[in-house]
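S.K.: attaching a predicted model along with its sequence, questions to come.
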Amino acid sequence: MAKDNSKSSTVSAQPRLYQRANEIQTYGTVTHFPPLELDEPTRLEMTAQLNQLLADTITLRDLYKKSHWQVAGPTFYQLHLLFDKHFAEQVELVDSIAERIQLLGGVSIAMAADVAEVTQIERPPRGREEVPVQLSRLLDAHQIIIRQSRPLARRASEIGDDGTNDLVVSEVLRTNELQVWFLSEHLVDVPLVEAKLASAGAA
Ligand SMILES: [Fe+2]
């Protein structure tokens, strides 16, 4: 019997819109055989921990943009710029962590609603807050990320995932440590114009 090609051979410039289908991989799983010489339990454990780190890093990234937009006061200009610099660096980290999860055969958490359910960082109000509160929230978020980074890096090394160890130490930890320094110095209460204790002999 001749094959009926009338349907499949129809040529049309019409885009196929409104398509949906089943997922091709469920969140929380890893694919079976990427040739990485890392067994499935190792990749499952690492992708789970990296997804926690990713959810927290996405949240910190967004907290930086919120702070960049909403900052107020005499330090507006320098903090507006600093917050955006740190935001851009966190964007890079988000991409590195997410792509590490994918290359290990996992599925990266991505959307805001899912991230909100997973992150350990406290949700800030929608409205604007004072600079010291903005800085404190950012520092708390950094602390949460740093607290999980060192044990994660050590565990990765222990079970043979050197790539994850390198990513977490060289990129995530080092970037977060540096950003903590830049923020913390803004919370040191030093005089702007006149020293508090005039030295002997001063007029
Ligand atoms: Fe901006």
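M.R.: Now that the structure is in, tell me what you want to look at.

S.K.: can you tell me the helix or strand for the most centrally placed residue in the chain?
M.R.: For the chain, T57 is the residue whose C-alpha lies nearest the centre (CA atoms, centre = their mean; 2.1 Å). Taking DSSP states H and E as the criterion, T57 maps to helix 40-70.

S.K.: quick one: the helix or strand following that helix to helix 40-70, angle?
M.R.: Counting by DSSP H and E, the element after helix 40-70 in chain order, helix or strand, is helix 76-103. Put simply, helix 76-103 runs at 160 degrees to helix 40-70, going by axes from the mean of the first three to the mean of the last three CA atoms, to 10 degrees.

S.K.: where's R128 relative to V30, distance?
M.R.: According to CB to CB, to the nearest Å, R128 and V30 sit 42 Å apart. C-beta: built from backbone N, CA, C; applies to glycine.

S.K.: quick one, which of these two is more surrounded?
M.R.: V30 (21 against 14; other CB atoms under 10 Å).

S.K.: any idea how many residues pack against the closest residue to that one other than its chain neighbours?
M.R.: Counting by CB to CB, 6 or more residues apart in numbering, V30 lies nearest to G105, which is 3.9 Å off, once chain neighbours are set aside. When neighbours are defined as other CB under 10 Å, G105 has 20 of them.

S.K.: please identify which helix or strand holds G105.
M.R.: Using DSSP H and E, G105 maps to neither a helix nor a strand.

S.K.: please apply the same query to L197.
M.R.: Applying DSSP H and E, one finds L197 in no helix or strand.

S.K.: roughly how far apart are it and P191?
M.R.: 10 Å.

S.K.: how close does I97 sit to Q78?
M.R.: 29 Å.

S.K.: brain fart, L36
M.R.: Note on L36: its distance to Q78, by CB to CB, is 44 Å.

S.K.: please apply the same query to R100.
M.R.: 33 Å.

S.K.: excluding its backbone neighbours, what's nearest L139?
M.R.: Here the residue nearest L139, using CB to CB, 6+ apart, is L183, at 5.5 Å.

S.K.: for R154, same thing?
M.R.: Nearest to R154 is N165, by CB to CB, 6+ apart, at 7.8 Å.

S.K.: if I pick the one you found, what's in contact with it?
M.R.: Applying CB atoms under 8 Å, 6 or more residues apart in numbering, we find N165 in contact with 153-154, 156-157.

S.K.: quick one: which of those residues is nearest to L187?
M.R.: Closest approach to L187 among these (CB to CB): A153, at 27.4 Å.
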